[in-house]
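Q: predicted model, plus sequence, below.
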Amino acid sequence: AQSVSQHNHHVILSEAASLELGCNYSYGGTVNLFWYVQYPGQHLQLLLKYFSGDPLVKGIKGFEAEFIKSKFSFNLRKPSVQWSDTAEYFCAVSSGGYQKVTFGTGTKLQVIP
Amino acid sequence: GAVVSQHPSRVICKSGTSVKIECRSLDFQATTMFWYRQFPKQSLMLMATSNEGSKATYEQGVEKDKFLINHASLTLSTLTVTSAHPEDSSFYICSAWGNSGGRSTDTQYFGPGTRLTVL
């Protein structure tokens, strides 16, 4: 069975600070990896995804994530956060297209102006 | 882009009644939909996988007779919470994979969720 761990439950940063949110997964086969964001009062939106190819994936709003297979990690990064990045971030994994997606517990990011 | 809608967005019901939640894919056909529930300050927990024209597949620990899923068309899946109790109060979210413009999508799109409160 697949599982996802997000070690940072609540992160507080000042604007312009750099961000890195950790994500580790557990699954023996080929994985598809995702980061989703949920802004206050809104539904989940896809930030970026990794299926294959370049392990450094660039997403929307300046976010990127790096897939490191040897570490079973898919950490999310942004060089300079903005107040509008305040949201909850979920890492997720699936075993392939159309397959069920397993979510991590989420990381709540609070950016202070 | 692909859009998934849910109706209603919020429902309050009495204990013992049944509640139906609809999930629709608005601009693409969804052969597979998923139903999740999210408790406060927790992550999404997959309840079941809904496949058009066949029986849903439930995750371990989810009562299929309590959470009835019907995926009767390529754009609609429904979740019915039967004989609801206060412990069923939660945020229910659906998502969909499918075909968009004849090409398979590789992303799950999520509905806005339905807040169920059972009194």
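A: Right, received. Where do you want to start? Residues are numbered from 1 along each chain as shown, chains lettered A, B, ... in the order given.

Q: can you get me a residue count around residue A:39?
A: Taking other C-beta atoms under 10 Å in any protein chain shown as the neighbour definition, residue A:39 ends up with a count of 13. C-beta: built from backbone N, CA, C; applies to glycine.

Q: that one contacts residue A:87, correct?
A: Yes: A contact is recorded between residue A:39 and residue A:87 when judged using C-beta atoms under 8 Å, the distance being 4.5 Å.

Q: close to chain A: what parts of chain B are there?
A: Taking C-beta under 8 Å from any C-beta of the partner chain as the measure of proximity, chain B contacts chain A at B:31-32, B:34, B:42-46, B:49, B:93, B:95, B:97, B:104, B:106-113.

Q: could you rerun that using 10 Å?
A: Along chain B, the residues adjacent to chain A under the rule C-beta under 10 Å from any C-beta of the partner chain are B:1, B:4, B:6, B:31-32, B:34, B:36, B:38, B:41-46, B:48-49, B:51, B:57, B:59-60, B:93, B:95, B:97-98, B:104-113.

Q: looking at those residues, which are in strands?
A: Secondary structure from DSSP state E places B:4, B:6, B:31-32, B:34, B:36, B:38, B:44-46, B:48-49, B:51, B:57, B:93, B:95, B:97-98, B:104, B:109-110 of those in strands.

Q: what's the PyMOL line that selects buried ones from the residues you listed?
A: Per 16 or more other C-beta atoms under 10 Å in any protein chain shown, the buried members of those correspond to this PyMOL selection:
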select buried, chain B and resi 4+6+31+32+34+36+38+44+45+46+48+49+51+57+93+95+97+98+109+110
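
Q: skipping adjacent residues, who's closest to the most centrally placed residue in chain A in space?
A: The central residue of chain A, meaning the one whose C-alpha is nearest the mean C-alpha position (C-alpha atoms, centre = their mean), is residue A:35 at 3.4 Å. Residue nearest to residue A:35 in three dimensions, not counting chain neighbours: residue A:47, with 4.3 Å by C-beta to C-beta, 6 or more residues apart in numbering or on different chains.

Q: doesn't residue A:76 make contact with that neighbour?
A: Yes: shown here, residue A:47 and residue A:76 form a contact pair, counting by C-beta atoms under 10 Å, at 7.3 Å.

Q: which residues are common contacts for those two?
A: Taking C-beta atoms under 10 Å, 6 or more residues apart in numbering or on different chains as the contact rule, the neighbours common to residue A:47 and residue A:76 are A:35, A:37, A:57, A:59, A:63-65, A:89, A:91.

Q: dump these into CSV; add pLDDT, distance to residue A:109 and secondary structure as well.
A: Converted to CSV, those look like this (pLDDT from 0 to 100; distance: C-beta to C-beta, whole Å; DSSP: H, G, I helix; E, B strand; the rest coil):
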residue, pLDDT, distance to residue A:109, secondary structure
A:35, 95, 12, strand
A:37, 94, 9, strand
A:57, 95, 19, strand
A:59, 93, 15, coil
A:63, 97, 11, coil
A:64, 97, 15, strand
A:65, 98, 14, strand
A:89, 96, 6, strand
A:91, 96, 13, strand
